[in-house]
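Participant: sequence-free structure coming up:
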């Protein structure tokens, strides 16, 4: 699965985010497994609702982390989405 | 060291219409009579979540035999637990499936025994295949994720390719190709079930090719058989490390079968809080960590990878639950495994299965 700036990624129906009090991080839960997410990962996946484009997600993150270069954020978002998609946890609309 | 249980396996009942000869329920399951009430299970889920549990498996037996399943799912989802129903599918109706979905069910894990009706029903000891196919279609049509679980053994291992085709046709999200683990009923039927090395190698190649081809679309989990491995399985990822298994009457175990180890005493959620049992009970601490280990485990570099293997297997094969798992090639009892493997390589017919029993009368679609 590949993403372009216009893609609208959406969490697969089998995956769900859950705040974990103990770790103070988000888990991405899916059958039998859970991925503990870092802050940026959770920021990205919270925007994977099918409403936001990849470009939009990058824009929101750039606004949240103004000291980071936009190109760097874009690279990170793309790499992270590809990694989550390779586990079958993302769908793409558009 | 502080251990956190991530997964709670709730065996809601030992009742089941199916009679699979590899059932992981204990051979003497009828000795464990009585089931926790709805309120007791809901309290257990709450105590589990407070301990750190995030994954909940509702299983059995056949969990649909419980008329309060919807209430249990609802309670689990209120706690945010990822709730997976592990079912034969047989007693399900579409209305009930929708009620479970609306209660917040996250995933349905459906078993099939083989790829076509006659073979599948012969293993199940019940005419179940058609109902299962119908259930698989409903699950996807109603927007729920579907896991398909197929237990592999001598009689179906040559059809893994067809299993993958079936899974694709059913639009399965996760396929579990699970080689039989020889506990409970499966140990009784070991000579009938244990495949040959050649069968396993072919099946592995097919599964690997399918995994590569379907990456990102269908997750394929392949559970390797410890009888043909050099090292033992990391059973439950270690005793009392990540899993809690609660049986219908409320005993709290580190795995499905720990109560079949005679001489051990397990606590009941009716008597003690789950937190107390998990952290402080003698049973959960007995094989935790490494201090219990005999040689060759004690000085083995793999001890933190496989945790000495499976305690139940050690007990049922050697009589000593604290022995190195005989599946390990370094175990002094490994000849027991080699002898079973040698028998599997011999040609000729196998005796008939000993099916799980006694039978629970179940009316299809009307439990």
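Facilitator: Received the coordinates, thanks. In this text the structure is predicted, and so the values were computed from the model without any measurement.

Participant: residues from chain B in reach of chain A?
Facilitator: Residues of chain B lying near chain A by CB under 8 Å from any CB of the partner chain: B:4, B:6, B:52, B:54-55, B:80, B:82, B:84, B:106-107, B:109, B:143-145, B:147, B:173-174, B:215-219, B:221. To be clear about C-beta, it is placed using only N, CA and C from the backbone, and glycine gets the same treatment.

Participant: buried ones among these?
Facilitator: Neighbour-count burial within the residues of chain B next to chain A applies to B:6, B:52, B:54-55, B:80, B:82, B:84, B:106-107, B:109, B:144-145, B:147, B:173-174, B:218-219, B:221; the criterion is 16 or more other CB atoms under 10 Å in any protein chain shown.

Participant: those residues in strands, which ones?
Facilitator: Judged by DSSP state E, these include B:55, B:82, B:84, B:107, B:109, B:147, B:174, B:219, B:221 as members of strands.

Participant: the first one against residue B:86, yeah?
Facilitator: Read that as residue B:55. No - the criterion here is CB atoms under 8 Å, and residue B:55 misses it with residue B:86 at 11.8 Å.

Participant: what residue in chain A comes nearest to chain B?
Facilitator: In chain A, no residue comes nearer to chain B than residue A:14, which is 3.5 Å away by CB to the nearest CB.

Participant: now do the strands in the chain.
Facilitator: Using chain A here. According to DSSP E, the strands that chain A contains are A:8-11, A:16-20, A:25-30, A:33-36, A:90-93.

Participant: was after chain B, sorry
Facilitator: B:7-11, B:55-59, B:82-87, B:107-111, B:146-152, B:174-179, B:219-223, B:243-246, B:252-253.

Participant: hang on, the earlier thing: once you drop chain neighbours, what's closest to the residue of chain A closest to chain B?
Facilitator: Nearest non-adjacent residue to residue A:14, counting by CB to CB, 6 or more residues apart in numbering or on different chains: residue B:145, 3.5 Å away.

Participant: that neighbour reaches residue A:31, doesn't it?
Facilitator: Yes - the criterion here is CB under 8 Å, and residue B:145 meets it with residue A:31 at 6.8 Å.

Participant: wait, what's in contact with the residue in the stretch 251-367 of chain B that chain A sits nearest to?
Facilitator: Using CB to the nearest CB, the closest approach of the stretch 251-367 of chain B to chain A is made by residue B:275 at 13.6 Å. Residue B:275 is in contact with B:47, B:50-51, counting by CB atoms under 8 Å, 6 or more residues apart in numbering or on different chains.

Participant: what does chain A have sitting close to chain B?
Facilitator: Checking chain A against chain B by CB under 8 Å from any CB, the hits are A:1, A:12-14, A:16, A:18, A:20, A:22, A:27, A:29-34, A:85-88.

Participant: drop anything exposed from these.
Facilitator: Buried among the residues of chain A next to chain B by 16+ other CB under 10 Å: A:1, A:12, A:14, A:16, A:20, A:27, A:29-34, A:85, A:87-88.

Participant: just the closest of those residues to residue A:62, please.
Facilitator: Distance to residue A:62 across those (CB to CB) is lowest for residue A:85, with 21.7 Å.

Participant: wait, what's in contact with that closest one?
Facilitator: Per CB under 8 Å, 6+ apart, neighbours of residue A:85: A:1, A:3, A:9, A:92, B:216.

Participant: now the residues you listed in a markdown table, with pLDDT and distance to residue A:58?
Facilitator: Output for the contacts of residue A:85, formatted as a markdown table (pLDDT from 0 to 100; distance: CB to CB, whole Å):
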| residue | pLDDT | distance to residue A:58 |
| --- | --- | --- |
| A:1 | 70 | 18 |
| A:3 | 87 | 11 |
| A:9 | 97 | 12 |
| A:92 | 87 | 16 |
| B:216 | 89 | 22 |
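
Participant: what is the nearest of these to residue B:96?
Facilitator: Of those, the one sitting nearest to residue B:96 (CB to CB) turns out to be residue B:216, at 32.1 Å.

Participant: right, and that closest one touches residue A:91 too?
Facilitator: No - using CB under 8 Å, residue B:216 is not in contact with residue A:91, being 10.5 Å away.

Participant: what about the helices in chain B?
Facilitator: All helices of chain B, identified by DSSP state H, fall at B:38-51, B:69-78, B:94-102, B:117-124, B:129-141, B:160-169, B:184-188, B:190-193, B:197-214, B:274-280, B:282-286, B:303-306, B:311-318, B:334-344.

Participant: out of those, which is closest to residue B:247?
Facilitator: Between these, helix B:38-51 lies closest to residue B:247; by CB to CB that is 11.6 Å.

Participant: what pLDDT, on average, does the biggest helix by length in chain A get?
Facilitator: Secondary structure assigned by DSSP H gives helix A:70-86 as the longest helix of chain A. Regarding helix A:70-86, the rounded mean pLDDT is 95.

Participant: still on that earlier bit, from residue B:266, how far off is the residue of the stretch 251-367 of chain B closest to chain A?
Facilitator: 16 Å (CB to CB, to the nearest Å).

Participant: do residue A:62 as well
Facilitator: Separation of residue A:62 from residue B:266 (CB to CB) stands at 55 Å.

Participant: got a list of what the closest residue to chain A within the stretch 51-200 of chain B touches?
Facilitator: Using CB to the nearest CB, the single residue of the stretch 51-200 of chain B nearest to chain A is residue B:145, 3.5 Å away. Contact partners of residue B:145, counting by CB under 8 Å, 6+ apart, are A:12-14, A:31, B:106-108, B:173-174.

Participant: and if you look at residue B:87?
Facilitator: Contacts of residue B:87 (CB under 8 Å, 6+ apart): B:62-64, B:108-111, B:135.

Participant: please indicate which of those are buried?
Facilitator: Using 16+ other CB under 10 Å, the buried ones in those are B:62-64, B:108-111, B:135.

Participant: of these, which is the nearest to residue B:96?
Facilitator: For those, the nearest to residue B:96 is residue B:64 (7.4 Å; CB to CB).

Participant: measure the nearest residue in space to the closest one that is not next to it in sequence to residue B:66 for me?
Facilitator: Setting aside the residues directly before and after it, residue B:64 is nearest to residue B:91 in space (CB to CB, 6+ apart), at 4.7 Å. Look at residue B:91 and residue B:66: by CB to CB, they are 10 Å apart.
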